[in-house]
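Q: coords please:
(chains A, B, C and D)
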2 protein chains.
Amino acid sequence: MALPPSPQDVEPAAPSRRELNKAATRQAITDSALELLRSKGPGNFTVEDIADAAGISRRTFFNYFGSTDAALASIVHGFLDNAIQQLRLRPAEEPMLESAQAALMALADPKAVAPLAELFTLTQQSPLMSHTELEAWDHCRTQVFTIARERLAGTPGEQDELYVHALAGSIMSCGKAAMEVWFSRRGPDLTPGSLAELRQLLIDAMALLGAGFNTTASPSATRSS
Amino acid sequence: MALPPSPQDVEPAAPSRRELNKAATRQAITDSALELLRSKGPGNFTVEDIADAAGISRRTFFNYFGSTDAALASIVHGFLDNAIQQLRLRPAEEPMLESAQAALMALADPKAVAPLAELFTLTQQSPLMSHTELEAWDHCRTQVFTIARERLAGTPGEQDELYVHALAGSIMSCGKAAMEVWFSRRGPDLTPGSLAELRQLLIDAMALLGAGFNTTASPSATRSS
DNA sequence: GTGCAAACTTGCACGTAGTGTAACAGCGTG
DNA sequence: CACGCTGTTACACTACGTGCAAGTTTGCAC
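A: Model (predicted):
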């Protein structure tokens, strides 16, 4: 491997050297994969290319990821895991839609969306969204489902599975819709104005969902930058 | 191939011999794939197995499908294409949610859901939903998006992309949620009572969406079989 | 029917994906 | 330092997916 001692850290909660090495290798893989995506374009490089660029063997790559797609999708996973984390620390009494909106708002900052935005712009011309990317969103959906089920466990109405499944799926769809619209409008633009528009889109998307898509009475803000 | 003249047909709209042969081969592939899924379980058979069972060469298999997954996902594709077809022949003035509900109701009959139900029961224990299956749902989502956009093209409110994207995604999520709940409750049960429950679930799911998931005022029917 | 062109199937070869295995190197601890 | 544990590496092997150059079937005109 190409990673000597490397004395400087940020996380005070991961002391073990092994943990650090693994994290560093993981990062090196995704970095190399993203770099190759930039330089050669989607589908024009192999696992061996990534392994070479990351300074590891082909076999080791597969100890971390199951495919090139998976390595790139880890960016999406990282973003969505972050969102789940934000969602978990919302108060349980808060309505789900508001929690979701708040959690997403917290992620509308450059540091969080930058990798995602670049990945999207680099892969959007190719066959839509890659397999593994869709899987990442679906995985997040199941997590939202779990959170929603925990929250509604003891509520009066005895909410059934349908409610929770449909709610979780719709929240994901609306969040995804907001990001897609934002990407299609702004591309890789990360200026404050652009991010403000993203936040507004997220608010609007959740509002649409909460209103059952009955916009006949609310022709309000849809663009705000 | 294992398909001589084969004099009997059903479709009077596909005259060409080539078309018939291709359709028959395609069907033979999916049949063989499903049969192998039944007998050997997911992931325990190869493309060559399918090709042998279908009486074609491995190379020809790849002329029809890109992977074993894709061959099996064609079942999902078939179902969803059918749904899109139903959706398209709804009046354009009808609200989208009602159209979606009506289109889905039309598919709650044994002949349409049987293959889907079997596929679900055979693959649900393995890693959730396969890549290609998710892709099929996403492909359907883009079609719903297109239909919704066409409908709302000239409406007063000047609906923007966000509305259409979020709506299409939410409709798909709720339809999928209804089917998932149904499968988890009933498994491969295709009795009239079970199908009635599916229909009720679809109605309920669309109602939830139309009400913005505000069920505080409507503790109405969620199970009806 | 005969001949021809287009469409389809097939076998072959090749590069890549992904996995099992066993030897090897780095880390943590006594 | 030496030992056990964890992670890396090389190697071998099966299966995937595709380009290519045959061979075969179908549609069509004569």
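Q: how does chain A divide up, domain by domain?
A: Domain assignment for chain A by automatic domain parsing gives A:17-64, A:68-210.
Q: Run through the residues of chain A sitting next to DNA strand C.
A: A:16-18, A:21, A:46-48, A:58-59, A:62, A:66-68 (Cβ under 7 Å from any atom of the strand). All C-beta atoms are positioned from the backbone trio N, CA, C, and that covers glycine.
Q: If we use 10 Å, what do you get?
A: A:1, A:3-6, A:15-21, A:43-51, A:57-63, A:65-71, A:131-132 (Cβ under 10 Å from any atom of the strand).
Q: So which residues make contact with stretch A:187-207?
A: A:97-98, A:100-101, A:104-105, A:108-110, A:113-114, A:117-118, A:121, A:171, A:174-175, A:177-179, A:181-182, A:185-186, A:218, A:221-225, B:162, B:166 (Cβ atoms under 8 Å, 6 or more residues apart in numbering or on different chains).
Q: Filter those residues down to the buried ones.
A: By neighbour count, with 16 or more other Cβ atoms under 10 Å in any protein chain shown, those hold A:97, A:100-101, A:104, A:108, A:113, A:117-118, A:171, A:174-175, A:177-179, A:181-182, A:185-186, A:222, B:162, B:166 as buried.
Q: show me where chain A has helices.
A: Secondary structure of chain A (DSSP state H): helices located at A:17-40, A:47-54, A:58-64, A:68-88, A:96-106, A:110-123, A:131-151, A:161-186, A:192-210.
Q: Any idea how many residues pack against A:Leu202?
A: Taking other Cβ atoms under 10 Å in any protein chain shown as the criterion, the count of residues near A:Leu202 is 25.
Q: Distance check, it against A:Leu209.
A: As judged by Cβ to Cβ, to the nearest Å, A:Leu202 and A:Leu209 stand 11 Å apart.
Q: Could you list the low-confidence segments of chain A?
A: Low-confidence segments of chain A, defined by pLDDT under 70: A:1-15, A:125-128, A:154-159, A:216-225.
Q: List the residues that contact A:Leu34.
A: A:Leu34 is in contact with A:72, A:75, A:115, A:118-119, counting by Cβ under 8 Å, 6+ apart.
Q: redo that, cut-off 7 Å
A: Contact partners of A:Leu34, counting by Cβ atoms under 7 Å, 6 or more residues apart in numbering or on different chains, are A:Leu72.
Q: Please apply the same query to A:Ala102.
A: By Cβ under 7 Å, 6+ apart, the residues touching A:Ala102 are A:Arg90.
Q: okay, now the closest residue to DNA strand D within chain A: neighbour count?
A: Nearest residue of chain A to DNA strand D (Cβ to the nearest atom of the strand) works out as A:Thr60 at 3.2 Å. Using other Cβ under 10 Å, A:Thr60 is surrounded by 14 other residues.
Q: With A:Ile147 instead?
A: Count around A:Ile147 with other Cβ under 10 Å applied: 21.
Q: Within range of DNA strand D, give me the residues from chain A.
A: Chain A comes close to DNA strand D at residues A:1-3, A:16-19, A:21-22, A:24-26, A:28-29, A:43, A:51, A:54-64, A:131, as judged by Cβ under 10 Å from any atom of the strand.
Q: Determine which stretch of the domains of chain A is the most buried.
A: The highest mean neighbour count among the domains of chain A, using mean count of other Cβ atoms under 10 Å in any protein chain shown, belongs to domain A:68-210: a mean of 19.
Q: Endpoint to endpoint, it covers what distance?
A: Start-to-end span of domain A:68-210 (Cα to Cα, to the nearest Å) is 38 Å.
Q: Run the chain-centre distance for it.
A: Mean-position distance between domain A:68-210 and its chain equals 7 Å (Cα atoms, centre = their mean, to the nearest Å).
Q: How about stretch A:35-43?
A: So, by Cα atoms, centre = their mean, the centroid of stretch A:35-43 is 20 Å from its chain's centroid.
Q: Tell me if that stretch is near chain B.
A: No: applying Cβ under 7 Å from any Cβ of the partner chain, one finds stretch A:35-43 out of contact with chain B, separated by at least 13.4 Å.
Q: Show me the contact partners of stretch A:135-152.
A: Outside stretch A:135-152, the residues touching it (Cβ under 7 Å, 6+ apart) are A:73, A:76-77, A:80, A:83-84, A:87-88, A:92, A:96, A:159, A:164-165, A:167-169, A:171-172, A:176, B:129, B:131, B:134.
Q: Against B:Gly187, how distant is the residue lying closest to A:Leu162 once chain neighbours are set aside?
A: In space, and not counting its chain neighbours, A:Leu162 is closest to B:Val181: 4.8 Å by Cβ to Cβ, 6 or more residues apart in numbering or on different chains. Separation of B:Val181 from B:Gly187 (Cβ to Cβ): 12 Å.
Q: again with A:Asn21
A: For A:Asn21, the distance to B:Gly187 equals 46 Å [Cβ to Cβ].
Q: list the contacts for the nearest residue to A:Gly175 once chain neighbours are set aside?
A: Nearest residue to A:Gly175, sequence neighbours excluded (Cβ to Cβ, 6+ apart): A:Leu104, at 5.8 Å. By Cβ under 7 Å, 6+ apart, the residues touching A:Leu104 are A:83, A:175, A:202.
Q: Kindly report the same for A:Phe61.
A: Going by Cβ under 7 Å, 6+ apart, the list of residues near A:Phe61 reads A:29, A:47, A:50-51.
Q: Return the closest of the residues you listed with respect to DNA strand C.
A: Using Cβ to the nearest atom of the strand, the contacts of A:Phe61 come closest to DNA strand C at A:Val47, 3.7 Å.
Q: Wait, that closest one touches A:Ser57, no?
A: No: applying Cβ atoms under 7 Å, one finds A:Val47 not in contact with A:Ser57, separated by 10.5 Å.
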